[in-house]
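>>> Here is my input; please provide its structure:
(2 chains, ligands or ions: 3)
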Amino acid sequence: MNLPLKPNETNATAHHLYSDAYDWTNQCVKCGYCLPACPTYESMGVESASPRGRINLVKMAAEGKIDFQKDLAEPIDLCLGCRACETACPVGVPYGHILEAAKEAIENSPSSNQKNKMNKIKKLALVHLFPYPKRMNRIGRAVQFYQKTGFSKLIRSSNVLQKVSPALAHLEQALPAIESSSKRIRTGTIMPAKGETKLKVAFFTGCIMDSMMSRINRLTIELLTLAGCEVILPENQNCCGALHSHQGETEQAKALAKRNIQAFMQSDADVIVNNAGGCGASLLEYGHLLADDHEWAGAARAFSEKSKDISQILHQLGPLPFTEEWQGIVSYQDSCHLRNVQKVQMEPRLLLQSIPGISYVEMEGFDRCCASGGIYNLLHFDESMKILDGKMKNLKETKATTIVTVNPGCQMQMSIGIQREGAANEMKSMHLVEILAKACGLD
Amino acid sequence: MEKEALDDLRQIIPDDRMFLDLAERYCYSYDASFGEYLPEIVIQPKNAEEISEVIKLANTHKIPVYPRGSGTSLSGGPLPVKGGMVIDMTLLRDKLIIDRENMLAIVSPGVITANIHKKAEEAGLFYPPDPSSSNVATIGGNLLENSSGPKGLKYGTTKEYVIGLEVVTPTGEIIRTGGKTVKNVTGYDLTRLIVGSEGTLGIVTEAIIRLIPKPQSKQTFVAHFNHLIDSGHAITSILSSGILPSALELMDNACIRAVESYRPSGLPLQAEAILIIEIDGHPLAIEEEINKCADICKAEGASYVKIAETEEERQTIWSARKSVSPAITQMGPTKISEDATVPRSQIPAMMDRLNNIREKYELNLVVFGHAGDGNLHPNIITDKRNITEMKKVELAVSEIFEAAIELGGTLSGEHGIGTLKSPYMEMELGITGVNMMKKIKEAWDPNNILNPGKIFPDKGQTRVVLVT
Ligand SMILES: Cc1cc2nc3c(=O)[nH]c(=O)nc-3n(C[C@H](O)[C@H](O)[C@H](O)COP(=O)(O)OP(=O)(O)OC[C@H]3O[C@@H](n4cnc5c(N)ncnc54)[C@H](O)[C@@H]3O)c2cc1C
Ligand code: SF4
Ligand code: SF4
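Ligands and ions are numbered 1, 2, ... in the order given. The predicted structure follows:
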């Protein structure tokens, strides 16, 4: 039997991983209880696409037995990061932390010159786009222009995107209609509660949400005020850094986290609210992300403790003043990061069920990732679609006409699923906030 | 692997189901025991014909072959200890037919056992063997390890339910054993020989398993004992009173403490033992039986007895038992899980011996298990990086087996022999007994192709070696 060895002293990356994540990987007793929870294991059917396999590979890399680029990169890259494995694990192996440590190690490993084209696009977006709200907004406006002018129809009918990249073509069609920027509620604004002020909340706008889905943000704020919140939109907030941590850009994620902590701590809100499962999970983990940073650790922990999902707040302050009945069957697709990391499962369901006239049906496999996974559907289109198609089958069995999510990525992914089924006339995907707002007579 | 063998293999298995890269090979280098051996190649066949061809090729080129289910074996069963080829059976999962009329299920080996439980129940039937790994483990793995769980006491182990098999032999022929009839006395019972053979006598490619009617209802109760010896007496009194519980589980004090510190739920820290007893059958009968069991426990000195009134209370009782595994893994990263089994009258004596072993070697040793059938799980929690402690563990493990066998028991109640217990085979079976088994293996597998290095010890090996 091979005993774990300390990695070769000359291999700095392995050494780093060894001190960072090795103990976590050793907590895994290889029982395999996580296998049935893992969507990529189910769709790919090989152990390297399972949590147990990935954890072992990280361990092997830390021991210097396998190469970061040649052996570890792909299995790690194919992980959705949905963290369903964590909730299934009887021992509590912190898979999310192992995954991030591995990504960072791969990113920094000396042989990382083999990176492919996709990596360049990825980097471009991560380093030069998401962190800059102004740039994101410019894109938002460009897309709106594109949608409004009929240019999008031209592009669609020419099928050119399909030829360039099926992934982009799908995404293009799944993009929600972007609201005019004049309606966008700007940061720095304070919105008073309608009626008595029950709670002071600070709203986290998010980067993609703010630029592409500003309508959902606006409706979120309106719902919050309707429920009795004074809503503050702190200035100088920016991207949560989730995509950066997920892609191994930990340093950048830390810098973004610090900027957000600073921006929010200046407001004296009781709660920090967000409306995107993925962002929320990342805000909740600032405490962990900055745990070793003496200057910031305390503030980061305080920030994380205050961070809540919109569904938690609306449920806490409810019932909402509904004015309209809802017709038809509605089903809910859990956002992995909301369910598995933030552990919020009941609140969105209870809120949906509280809408007058609604008929709520649970779908088989509601807790399984839709394979949007940040930008997984762009990077691994085929793998993602395989998982999505399985999900659509379950969704169709519920006979639902509306599928509700609490994360922009999931919502777009479900739209893609609906298109792939050719069901755009019978079914639509909505953000929880949209359906609640509609039932409250907001638009 | 030789190029020639590889070229031949490519004729049988398409490239996308054949793995030579280091990452994938490492992913099939382990199971839930803690050995680690790197195979040269991993393949994922889809049917018996492919497997048959592969095995023939392995015989030609003398390549060791290791069948593998979900890799949850606790005894090292699927580990490729001599390199060679791992055959991952998990893609053979197409067939799960419930034949209600004949009360049978016909299944592919890669089907997950819990799916059989589910499908059978939907048809009003019941497949009793219920290892706690049933959500993960394959039925093939269950068959070959002859698995069981808490229900073993009343319903027996996997072998009681297997009546027919399709098997690829170690020389590559495809044979059928048994059939669809519950009664079958034609010739040698090869079905039973293969079940529990740990992948050394054949690769199972289909199984016919017997189902029984689903019990109408069940009731559960829990009893706390301040003295371990009293719980032992309670077990024997219950079983000799003519009641056959569907489960009779025991947790010792170390277990209770571990669970309580992992997930506090008000377990009695001073108690030396907790018994959980479940009875199934006709509602009127179980009502009477469960009360009688509770009375017996009280009479034998239980300090507390509680019959679950609602499903929620029932779940609460079981959740303590289910927390044992996760709770004890909090105590250290390496868990050596044994399943020495004794005749149930010897349970108090065995518990005594285990206590002595714990004290003698100063190890973190906890005991729980299926006390009703004498199947105890002494678990030693340690850290394999602590070499001095691992040496003590080796000695302790040997003593656990010696104790079990001296008390008239056996090395394994359900986890199999694999690599971890092979050195002790002679202790239980004697040299002639082991030789008889070896002769069977040699006759079936003249080239020693299938799962070599398991069950039978290497020459001169008398004790498990955990660290070198
Ligand atoms: C947390 C945990 C709890 C457990 N609880 C129990 C329990 O309560 N009761 C119990 O009995 N066991 C238990 N086990 C042990 C283990 O789950 C069982 O032994 C199980 O049957 C193994 O199934 P598998 O599919 O994982 O097979 P593997 O571990 O992959 O293989 C087991 C053996 O079967 C052979 N094999 C697998 N498939 C085939 C095939 N189709 N043809 C020929 N040979 C094959 C392998 O070579 C190996 O020898 C537990 C394990 C864990 C990790
Ligand atoms: S469930 Fe946890 S301990 Fe078991 S294999 Fe998965 S990660 Fe490891
Ligand atoms: S995070 Fe999701 S995809 Fe990745 S290993 Fe865990 S369960 Fe599988």
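
>>> use CA for all of it now, contacts and neighbours both
Will do.

>>> Quick check: the residue of the stretch 251-400 of chain A nearest ligand 1.
Ligand 1 sits closest to residue A:340 of the stretch 251-400 of chain A, with a gap of 21.7 Å, by Cα to the nearest ligand atom.

>>> Next one: that residue relative to residue A:396, how far apart?
24 Å (Cα to Cα, to the nearest Å).

>>> Then residue B:159?
Taking Cα to Cα, one finds residue B:159 at 41 Å from residue A:396.

>>> Please apply the same query to residue A:266.
Following Cα to Cα, the distance that separates residue A:266 from residue A:396 is 47 Å.

>>> between these two, which one's more packed in?
residue A:396 (15 against 10; other Cα atoms under 10 Å in any protein chain shown).

>>> so where does that one fall, helix or strand?
helix A:381-397 (DSSP states H and E).

>>> next one: residue B:175
Per DSSP H and E: strand B:174-178 holds residue B:175.

>>> quick one: average confidence on that strand?
Taken as a whole, strand B:174-178 has a mean pLDDT of 96.

>>> Over to stretch A:29-36?
94.

>>> what comes up buried for that stretch?
A:29, A:30, A:31, A:32, A:33, A:34, A:35, A:36 (16 or more other Cα atoms under 10 Å in any protein chain shown).

>>> for it, the distance to its chain's centre please.
25 Å (Cα atoms, centre = their mean, to the nearest Å).

>>> can you tell me if it touches ligand 3.
No. Remark: stretch A:29-36 sits outside contact range of ligand 3, by Cα under 6 Å from any ligand atom, the gap being at least 7.1 Å.

>>> Could you confirm whether that stretch reaches ligand 1?
Yes. Among the residues of stretch A:29-36, residue A:31 lie within reach of ligand 1 under Cα under 6 Å from any ligand atom.

>>> got the CA positions of that stretch in CSV?
The C-alpha coordinates for stretch A:29-36 follow below in CSV (Å, rounded to 0.1, in the frame of the first residue of the first chain):
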residue,chain,number,x,y,z
VAL,A,29,-13.7,7.9,3.8
LYS,A,30,-14.6,7.0,0.2
CYS,A,31,-18.0,5.7,1.2
GLY,A,32,-19.5,6.9,-2.1
TYR,A,33,-22.7,8.3,-0.4
CYS,A,34,-22.2,11.4,-2.5
LEU,A,35,-22.3,9.6,-5.9
PRO,A,36,-26.1,9.5,-6.3
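
>>> Can you give me the neighbour number for the closest residue to ligand 3 within chain B?
Nearest to ligand 3 in chain B, going by Cα to the nearest ligand atom, is residue B:27, at a distance of 13.4 Å. When neighbours are counted by other Cα under 10 Å, residue B:27 registers 24.

>>> For it, which non-adjacent residue is closest in space?
residue A:53 (5.2 Å; Cα to Cα, 6 or more residues apart in numbering or on different chains).

>>> mind listing what's buried in the host helix or strand of the one you found?
According to DSSP H and E, residue A:53 maps onto helix A:51-62. By 16+ other Cα under 10 Å, the buried positions in helix A:51-62 come out as A:51, A:52, A:53, A:54, A:55, A:56, A:57, A:58, A:59, A:60, A:61, A:62.

>>> any idea of the mean pLDDT in that helix?
So the average pLDDT for helix A:51-62 ends up being 96.

>>> and it, what other elements does it pack with?
On a contact count with 3 or more Cα pairs under 8 Å, 6 or more residues apart in numbering or on different chains; DSSP states H and E, helix A:51-62 meets helix A:12-26, helix A:95-108, helix B:22-27.

>>> which other helices and strands contact the first one?
If you count contacts as 3+ Cα pairs under 8 Å, 6+ apart, helix A:12-26 packs onto helix A:51-62, helix A:95-108.

>>> Contacts for the last one, please.
Where contact means Cα atoms under 8 Å, 6 or more residues apart in numbering or on different chains, the residues beyond helix A:95-108 that reach it are A:13-14, A:16-17, A:20-21, A:24-25, A:51, A:55, A:58, A:68-69, A:72-73, A:76, A:81, A:83, A:85-86, A:112, A:245-250.
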